[in-house]
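[1] model this:
(chains A and B)
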Protein chains: 2
Amino acid sequence: MKSKAIFYHAGCPVCVDAEQVLAQSLDQQKFDLEIVHLGEDKHRISEAEEFGVKSVPAIVLGNSPYHINFGASIEDLK
Amino acid sequence: MKSKAIFYHAGCPVCVDAEQVLAQSLDQQKFDLEIVHLGEDKHRISEAEEFGVKSVPAIVLGNSPYHINFGASIEDLK
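    I've put the predicted structure just below:
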């Protein structure tokens, strides 16, 4: 069974690069990857925060947040 | 042909977690993953810096550095 992976971003250049290079490098046999644009889907910001996401881009794997470089603070997306 | 992926760490708890969860989630069909402990292989610090690595854990994919959360500054490993 595949695990869920959620990539949160905000369309920033750092985000786009992280999505194209890192998120797309995950083993698609192991993960169902969902891409969430928090600038457009603001109602999912609280969900991201519950996982511990502080900034974007970030990927949640197994309920743990992995912040990848730094694009924008989640506070600035509200 | 596989691309090279280099995961730099320093044995810190944040590093170990990032290695176990994120680095091991990469598609092994696409990448040859090398794990480098910069606390033990200090002679490779300059190589990591040339890729733009500022802190560990970090993974270099296609010559670009992706810092994952924050364990330790590369300056503190010297």
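[2] so which helix or strand takes in A:I35?
    For A:I35, the element it lies in under DSSP states H and E is strand A:31-37.
[3] Quick check on A:G39: phi, psi?
    Backbone torsions for A:G39, taken as degrees, to the nearest 10, come to phi -70, psi -30.
[4] near chain B at all, the strand holding A:I35?
    Yes. Applying Cβ under 8 Å from any Cβ of the partner chain, one finds strand A:31-37 touching chain B at A:F31. C-betas here are computed from N, CA, C, even on glycine.
[5] how about the residue in chain A that chain B sits nearest to, what does it touch?
    Here chain A gets closest to chain B at one residue, A:D27, 4.3 Å apart by Cβ to the nearest Cβ. Under the criterion of Cβ atoms under 8 Å, 6 or more residues apart in numbering or on different chains, the neighbours of A:D27 are B:S25, B:L26, B:D27, B:Q28, B:Q29.
[6] Which ones among the residues you listed lie within strands?
    Members of the contacts of A:D27 lying in strands (criterion: DSSP state E): none.
[7] What's the PyMOL syntax to select whichever of those are buried?
    Here is the PyMOL command that selects the buried residues among the contacts of A:D27 (16 or more other Cβ atoms under 10 Å in any protein chain shown):
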select buried, chain B and resi 25+26+27
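[8] Which member of the contacts of A:D27 is positioned nearest chain A?
    B:D27 (4.3 Å).
[9] Which pLDDT value does the model give A:V53?
    A:V53 carries a pLDDT value of 98.
[10] Go ahead and confirm it touches A:Y66.
    No. Applying Cβ atoms under 8 Å as the test, A:V53 and A:Y66 come out as separate, 9.3 Å apart.
[11] The lengthiest helix in chain A versus strand A:31-37: what angle between them?
    Among the segments of chain A that qualify as a helix by DSSP state H, the longest is helix A:13-21. Angle between the axes of helix A:13-21 and strand A:31-37 is 160 degrees (criterion: axes from the mean of the first three to the mean of the last three Cα atoms, to 10 degrees).
[12] Give me the buried positions along helix A:13-21.
    So for helix A:13-21, counting by 16+ other Cβ under 10 Å, buried means A:V14, A:C15, A:D17, A:A18, A:E19.
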